[in-house]
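Participant: Please find the sequence and the predicted model below.
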Amino acid sequence: MFTKADIEKYFNAEKNESLLLIVFGIAAITLALLFFFYLKTNWYKGFAIPFLLMGLIHLVVGCNVNKKCDADRKRNVYAYDMNPGELKAKEIPRMEKVNSSYIVYRYIEIVLLLAGLGLFFYFRNNADKAFWAGLGMALVIEAAITLGANFTAEKKAHQYTSGIQSYLDQLK
């Protein structure tokens, strides 16, 4: 049976995952700057670009999710008891949008992973193209990390959505 505790659990997990995303973002940005300004080889310069871009994305997404989690948690716990219609009218459509977004993200991450593998294997033995090999390897690493994080988040989002739907079905 889906309870208020399940709502709390979902949003607390989202908040914790957003903090992890922020840490990954800061680490990726720091590594990118280190690679670009201190190690300075073409391989590391290529490596730095995906780390910088994905690090910024992780940081922004992590901050946005973290900022919204508490308000979403409170609103939905309140709606559970006092206004279940709000769960149906607002939370279910919001979660359906979130769940469909994960499908798009998954395909983008797979394309980036495959592109990174292609770049790395195509240019790995060509010293003149070390930039592209580094860029490819960084794409592989970032895409794999993001794919793993989104897999976990998507699974929890589907469970949460199913839980809300089962709760609303019981009220009928």
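Facilitator: The structure has been received and is ready for your questions.
Participant: Just give the nearest non-adjacent residue to residue 164, would you?
Facilitator: Leaving aside its sequence neighbours, residue 164 sits nearest to residue 87 (C-beta to C-beta, 6 or more residues apart in numbering; 5.6 Å). Every residue, glycine included, has its C-beta placed from N, CA and C.
Participant: So which helix or strand of the chain has the lowest pLDDT on average?
Facilitator: Within the chain, no helix or strand scores below helix 84-86, which has a mean of 93 by mean pLDDT, DSSP states H and E.
Participant: Next, count neighbours for residue 100.
Facilitator: Residues lying near residue 100 (other C-beta atoms under 10 Å) number 10.
Participant: I should have written residue 160 there, sorry.
Facilitator: Residue 160 has 23 neighbouring residues, counting by other C-beta under 10 Å.
Participant: Surely residue 36 and residue 48 touch.
Facilitator: Yes - counting by C-beta atoms under 8 Å, residue 48 is a contact partner of residue 36 at 4.0 Å.
Participant: Show the contacting residues for residue 21.
Facilitator: By C-beta atoms under 8 Å, 6 or more residues apart in numbering, the contact list for residue 21 reads 58-59, 61-62, 65, 149.
Participant: Between the residues you listed, which sits nearest residue 13?
Facilitator: residue 65 (11.1 Å; C-beta to C-beta).
Participant: Name the helix or strand for the closest one, please.
Facilitator: Assigned by DSSP states H and E, residue 65 belongs to helix 42-82.
Participant: Next up, the contacts around residue 166.
Facilitator: Applying C-beta under 8 Å, 6+ apart, the residues near residue 166 are 1-2.
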